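> show me the folded form of this:
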Amino acid sequence: MVCCCTGQSTSARTSNRSAAAVYAKAAETDPFCAVDRFAEGLDSWMARPGWSCVISYDDGQPAGYAYGAPLPPGSRWWGGLLTTVPADTIAETGTRTYALSELMVRTPWRKTGTAQRLHDALLAARPEEHATLLVDQDHPKVRALYESWGWQTLGDLRPSIPDAPLFHAMLLDLPQHRQVA
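Numbering: from 1, shown residues only. Got it, this is the predicted structure:
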């Protein structure tokens, strides 16, 4: 079962706890992924206009989640971009690009299609032109998975977050804006 939530609703606050539980289990071996850092980041994302989240449950257990929000005008998202790209590619209007901030699946539900179901549920009705996400360059299999879902690598990016790894910045044209050949 996949549940959707937006804004500051009761379901959103409940999703916060469920996402934290998934995150704690899925990220326990990565020092960059401290649970307190996650909680601060999630609170910040939840406060953004247009924030949305989906959580997958299996027998009442949270199996995974995905969330994000539109990038605001003048977003700092692209500030760490190390690759030269056309300025109009990263010019944000507040309604042009949806940032998929986190997609996490607990180990027992990996390689079951849960990640793609979460991904698709989160992005299916988004009105933005495209979505963006960051993939740690130390995780080539994750990048390949996103590429198999239609994502394209824009370039390298290092956020101005202490201890941040080097990421691949990726873009996906959202369904309602895809060009038909």
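> so what touches stretch 166-173?
78, 81, 83, 89, 123, 129-137, 143, 146, 149-159, 179 (Cβ atoms under 8 Å, 6 or more residues apart in numbering). Yep, even glycine has a C-beta here, placed from its N, CA and C like the rest.
> among those residues, which ones are buried?
78, 81, 123, 129-136, 143, 146, 151, 154-155, 157, 159 (16 or more other Cβ atoms under 10 Å).
> so what's the closest residue to residue 157 other than its chain neighbours scoring on pLDDT?
Leaving out its chain neighbours, the residue that sits closest to residue 157 by Cβ to Cβ, 6 or more residues apart in numbering is residue 169, at 4.3 Å. At residue 169, the model reports a pLDDT of 97.
> element containing residue 169, please.
Assigned by DSSP states H and E, residue 169 falls within strand 167-173.
> pull out the buried residues from that strand.
Here strand 167-173 shows 167, 168, 169, 170, 171, 172 as buried, counting by 16+ other Cβ under 10 Å.
> residues near residue 164, how many?
14 (other Cβ atoms under 10 Å).
> which residues in the chain form strands?
2-6, 52-58, 61-70, 97-105, 130-136, 152-157, 167-173 (DSSP state E).
> hang on, the earlier thing: orientation of the strand holding residue 169 relative to strand 152-157 in degrees?
Interaxial angle of strand 167-173 relative to strand 152-157 (axes from the mean of the first three to the mean of the last three Cα atoms, to 10 degrees): 150 degrees.
> for strand 167-173, the distance to its chain's centre please.
Remark: strand 167-173 is offset 10 Å from the chain centroid, using Cα atoms, centre = their mean, to the nearest Å.
> what ranges do the helices span in this protein?
Using DSSP state H, the helices of the chain run over residues 10-26, 35-46, 114-123, 140-148.
> average pLDDT for the second one?
In this model, helix 35-46 has a mean pLDDT of 62.
> likewise for the first one?
Rounded to a whole number, the mean pLDDT of helix 10-26 is 50.
> shaky segments in the protein?
1-43, 45, 176-181 (pLDDT under 70).
> give me that answer again for 50
Residue ranges of the chain with pLDDT under 50: 9-15, 26, 32.
> would JSON lines of the strands of the chain with distance to residue 46 be doable?
Listed next are those as JSON lines, based on distance: least, Cβ to Cβ, whole Å:
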{"stretch": "strand 2-6", "distance to residue 46": "9"}
{"stretch": "strand 52-58", "distance to residue 46": "8"}
{"stretch": "strand 61-70", "distance to residue 46": "8"}
{"stretch": "strand 97-105", "distance to residue 46": "10"}
{"stretch": "strand 130-136", "distance to residue 46": "18"}
{"stretch": "strand 152-157", "distance to residue 46": "23"}
{"stretch": "strand 167-173", "distance to residue 46": "22"}
